[in-house]
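> structure for the following, please:
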Amino acid sequence: MRSAKRQSSSWAEWFAAWRGLAFAEPAAAILVAALLVWRAVQPSTLPGKNNAGRTAGLMANAVHVDHSLLASFDTVAQLPNGEPVRFHCRKWQDDVVVHDDANGVVVSQSTPRVEVVPVRFETY
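Just a heads-up that it's a prediction; the model follows:
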């Protein structure tokens, strides 16, 4: 029991002597700052950690762009002055699919689009 008491008191004395040194606190602060900077600069080697912020972004292996015509029709309307005007209307579906095999990412987007083209309407 006496040796345990002596051992704890020697650690306490050593710690008190170390804290009493003038350079100890600034050296400890510099050491902690250096460790934080080193940790921030080192890339993560943990298997579950995502390093997406360090990559250049999405690296597309294959990009597929497709558009499909869904409907096509003509319609006739009147301008404010009463003159008739004909419109050729088309409804499209635009599809874009991007594959990134390195990260296992597939981005797919479908967008509907309406195209209206005025056509000359001949009146006699």
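> domain-wise, how is the protein divided?
Here the domain parsing of the chain from automatic domain parsing is 2-41, 58-119.
> as TSV, those domains with mean neighbour count and mean pLDDT would be great.
All C-beta spots, glycine's among them, are computed from the backbone N, C-alpha and C. What follows is the domains of the chain, written out as TSV (neighbours: other Cβ atoms under 10 Å; pLDDT from 0 to 100):
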stretch	mean neighbour count	mean pLDDT
domain 2-41	9	67
domain 58-119	11	88
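> show me where this structure has its helices.
2-20, 24-41 (DSSP state H).
> all strands for the chain, in order.
Under the criterion DSSP state E, the chain contains strands at 62-78, 84-100, 105-119.
> distance to Ala40 added to the ones you listed, as a markdown table?
Shown next, in a markdown table, are the strands of the chain (distance: least, Cβ to Cβ, whole Å):
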| stretch | distance to Ala40 |
| --- | --- |
| strand 62-78 | 35 |
| strand 84-100 | 27 |
| strand 105-119 | 27 |
